[in-house]
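*Asks:* I'll drop the sequence and a predicted model, then ask my questions.
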Amino acid sequence: MKYFRWIWQSMQGIRWNTLWRILIGIAQAGMGLLMVWLSRRFIDQTIRTGTTRDIVVMVILLVVLMLGGVVLRQLYYYMSTLANTRQTNSIRLKAFSRLFTRQLYAERDMHSGDVASRLSKDIDVVGEASTSLLPRAVVTAVQLLGAFLMLHSMDNYLAWALLVFTPLIIVFAKLISRPLRQMTLDIRQDESRIQMQVQEGMEHNATLRSLGSEEWMTQRLDAAQEGLMGRVKRRTRFTVMTRILMASCFGLGYLMAFVWGGLQLRTGAITFGVMTAFLQLVSQIQNPILTLLNMVPQLIHTTASIDRLEEVLADHPEERGQSAEPVSKGVAGVRVQDMHFQYATGDRAVFSGFSHDFRPGSKTALMGPTGVGKTTLFRLMLALIRPDSGTLTLYDGTMAREVSPDTRPDFVFVPQGNTLMSGSVRFNLLLAHPSATDDELREVLHTAAADFVFDLPAGLDTELGERGIGLSEGQAQRIAIARGLLRPGSILLLDEISASLDEATERELFSRLFQNYPDRTMIFITHRPGVASLCDDTIRL
């Protein structure tokens, strides 16, 4: 029941479309039954006793019904395509937006390749099912009922004999649901693992080449794909065998109707028109039953995909307010008191009773060996993670507030390394401030010693490849610094911002930074004594 509720709730934007498709499908079913009735009348009465005019009228009616069915089928297809696209986009947008509020660095953090697989394959499966299942089920039920009642009016024994297969479907679906669902989950997991390998292979292409591990990685992917092929074969064999079994039963049902009709025709109990109607109605009863049967595997695949999407959607979101403006109206500082923190998957505490007051307007260098917790401190200040105990307080001369997602706009964070995305230089800068003017962009680029941007072929509109391909590491890092400076916060968190710069460019960068933002609070993660010498305070972790 929870899956049907999930699907119904997700259909909020396509419910009117679904209603219209149900009505179109019912109209198609009605036209099909009318075609059966007219065919019987044409054979039994019009051909034998009707005039030429009667025959022409009947042929015209049959042609109109046929063409009407063609038009309705195409209209149904058109509306289904629109609904499927709208539904898939809606689910993907909801899942994508949730990625920015889900808990980071948790005990069970999903691989980006796994998430990408869920946001593509699983969303496609759920989108298709939530678009088609309800109208198909309703139309199929109406078609089955109508065909049964019409056949019952001709021969009640045959009608009940054919309908007896319906409860068998329920029993059959119950028997196959559990193994089929597990097989589908296993396949989805294998597909996610393959997506992870491909994604990491592309991301670390140059590194893998330098290590000479291209062939080994390719063999690992081949082994993973062979495992996936084995699971797909197993599920396909299972599905084929069940379909053979059910198709054989329905074939016997059709043969029974054919033999029964022939015997009735021999004794004169029915006419040729009734015999024709028999065979058409048997098809109209069996086809809906087969449709319901084929919906069972689709529904099972969908439940597996819903469970995988729920792991993305149902993660506890961080609580945040509506404002994107800094909490502090002046220059803020951060006071850390008796803070303890350990990652859920870590084997040791990163901080045990750490305290420090990063005063408003101060310049502080964080130094220490790799892995000691410098970047973790920035994550705690940004409320991307929370301390196990102790407090981090944002404060200025008029307010004090515990650090939370609401205080994130008070910080300007420039992470270590190349963090540019594919797109233009302008696009990468506007990520921090979408409404920034060209003058504002020019100003922060100058402060970040990134004036070279205006010497590029298209200036701000120069297109960059993935991770800023087309620029050197130092150039990419300076654009990332400029992007961070577009943020409104008064506390700058700068993680190894000069690691890829030569000494002259580094001196120019810090000179401009201190000159243009003399009152801002700055916290530097650095391994360079020269950077530390520019600061008021140095903390060695």
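*Replies:* Thanks, I have it.
*Asks:* so who does the most centrally placed residue in the chain touch?
*Replies:* Nearest residue to the geometric centre of the chain (C-alpha atoms, centre = their mean): Leu119, 2.3 Å. Each residue near Leu119 by C-beta atoms under 8 Å, 6 or more residues apart in numbering is listed here: Arg92, Ala95, Phe96, Val312. All C-beta atoms are positioned from the backbone trio N, CA, C, and that covers glycine.
*Asks:* try Ile497
*Replies:* By C-beta under 8 Å, 6+ apart, Ile497 lies in contact with Val414, Gln416, Gln477, Ile481, Leu509, Phe524.
*Asks:* top of the residues you listed by neighbour count?
*Replies:* Gln477 (29 neighbours; other C-beta atoms under 10 Å).
*Asks:* and the strand or helix carrying Leu185, average pLDDT?
*Replies:* According to DSSP states H and E, Leu185 maps onto helix 165-203. Helix 165-203 carries an average pLDDT of 75.
*Asks:* Kindly report the same for stretch 81-88.
*Replies:* The model assigns stretch 81-88 a mean pLDDT of 90.
*Asks:* For it, give me every contacting residue.
*Replies:* Contacts of stretch 81-88 (C-beta under 8 Å, 6+ apart): 10-11, 13-14, 17-18, 21, 123-124, 127-128, 130-132.
*Asks:* Of the contacts of Ile497, which pair is most distant in space?
*Replies:* Maximum pairwise distance among the contacts of Ile497 (C-beta to C-beta): 14.8 Å, between Gln416 and Leu509.
*Asks:* Now do the helix or strand containing Ala137 against helix 165-203, angle only.
*Replies:* Using DSSP H and E, Ala137 sits in helix 123-154. Helix 123-154 and helix 165-203 are oriented at 160 degrees to each other (axes from the mean of the first three to the mean of the last three C-alpha atoms, to 10 degrees).
*Asks:* Next up, the contacts around Gly530.
*Replies:* Glu506.
*Asks:* Could you rerun that using 10 Å?
*Replies:* Applying C-beta atoms under 10 Å, 6 or more residues apart in numbering, we find Gly530 in contact with Ser498, Glu503, Glu506, Arg507, Phe510.
*Asks:* Next, count neighbours for the closest residue in space to Ile270 that isn't next to it in sequence.
*Replies:* Distances taken as C-beta to C-beta, 6 or more residues apart in numbering put Gln264 closest to Ile270, at 4.4 Å, once the chain neighbours are dropped. Taking other C-beta under 10 Å as the criterion, the count of residues near Gln264 is 18.
*Asks:* Ile481 reaches Thr447, doesn't it?
*Replies:* Yes. Assessed by C-beta atoms under 10 Å, Ile481 is found in contact with Thr447 at 8.1 Å.
*Asks:* Now the common contact residues for those two.
*Replies:* By C-beta under 10 Å, 6+ apart, Ile481 and Thr447 have these common neighbours: Leu509, Leu513.
*Asks:* For the residue nearest to Ile270, give its distance to Gly390.
*Replies:* From Gln264 across to Gly390, the span is 88 Å (C-beta to C-beta, to the nearest Å).
*Asks:* Can you show me the strands along this structure?
*Replies:* Taking DSSP state E, the strands of the chain run over residues 333-341, 351-358, 363-367, 389-395, 400-402, 411-414, 423-424, 463-464, 491-495, 521-525, 537-540.
*Asks:* The fifth one packs against which elements?
*Replies:* In this structure, strand 400-402 packs against strand 389-395, with contacts taken as 3 or more C-beta pairs under 10 Å, 6 or more residues apart in numbering; DSSP states H and E.
*Asks:* cool, the third one as well?
*Replies:* For strand 363-367, the packing partners by 3+ C-beta pairs under 10 Å, 6+ apart come out as strand 351-358, helix 374-381, strand 491-495, strand 521-525, helix 529-532, strand 537-540.
*Asks:* what pLDDT does the residue nearest to the centre of the chain get?
*Replies:* Leu119 carries a pLDDT value of 81.
*Asks:* Next: the one 5 residues further on.
*Replies:* On pLDDT, Asp124 comes in at 86.
*Asks:* from memory it sits against Ser305, does it?
*Replies:* Yes. Between Asp124 and Ser305 there is a contact under C-beta under 10 Å: 8.5 Å.
*Asks:* More neighbours: the two, which one.
*Replies:* Neighbour count, other C-beta under 10 Å: between Asp124 and Ser305, Ser305 has more, with 23 against 15.
*Asks:* Quick one: residues contacting the more buried one.
*Replies:* Contacts of Ser305 by C-beta under 10 Å, 6+ apart are 118, 121-129, 184-185, 188.
*Asks:* Check the gap between it and Ile270 for me.
*Replies:* 48 Å.
*Asks:* swap in Glu503?
*Replies:* 100 Å.
*Asks:* cool, Thr52 as well?
*Replies:* Distance of Thr52 to Ile270, given as C-beta to C-beta: 27 Å.
*Asks:* between the two, who's got more neighbours?
*Replies:* It is Ile270, of Thr52 and Ile270, that has more neighbours when counted by other C-beta under 10 Å, with 20 against 7.
*Asks:* what about the closest residue to Glu506 other than its chain neighbours, neighbour count?
*Replies:* Using C-beta to C-beta, 6+ apart and skipping the chain neighbours, the partner closest in space to Glu506 is Ser498 (4.3 Å). Neighbour count for Ser498, taken as other C-beta under 10 Å: 24.
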